[in-house]
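**Q** My questions concern the predicted model and sequence given below.
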Amino acid sequence: MKLGVVKRALEARAGDMQLSLGSEPGDEGFRHEATLSTKLLRQVEALQRRAGHRAWSIADGETMPEDDDS
């Protein structure tokens, strides 16, 4: 599963849960799920950043000129 798909799903779920909290602020189940959804979203965002940096590092390694001994 691609991180972008997971991120969009978590963004939607976290948004839904935040709206639910606005209408039912005393519900601990909603609060817990909203917190968990937001935490998972942040983890996915961090994974995307790391994957992006890794991809750039790999690309930089491939584009670096090789030393010519000639």
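**A** Cool, the structure landed.
**Q** Now do the contacts for R13.
**A** Contacts for R13 (Cβ atoms under 8 Å, 6 or more residues apart in numbering) come out as S37. Backbone N, C-alpha and C define where each C-beta goes, glycine included.
**Q** Can you tell me the element it falls in?
**A** Taking DSSP states H and E as the criterion, R13 maps to helix 3-23.
**Q** again with H32
**A** Using DSSP H and E, H32 falls in helix 28-63.
**Q** So for that helix, mean pLDDT?
**A** Mean per-residue pLDDT for helix 28-63: 75.
**Q** Q48 against R8, yeah?
**A** No - look at Q48 against R8 with Cβ atoms under 8 Å: they stay out of range, at 11.5 Å.
**Q** give me the number of residues near V44?
**A** By the criterion of other Cβ atoms under 10 Å, V44 has 19 neighbours.
**Q** List the residues that contact it.
**A** 3, 6-7, 10 are the contacts of V44 under Cβ under 8 Å, 6+ apart.
**Q** out of these, which is most surrounded?
**A** Comparing the contacts of V44 by number of neighbours (other Cβ under 10 Å), L10 comes first, having 20 neighbours.
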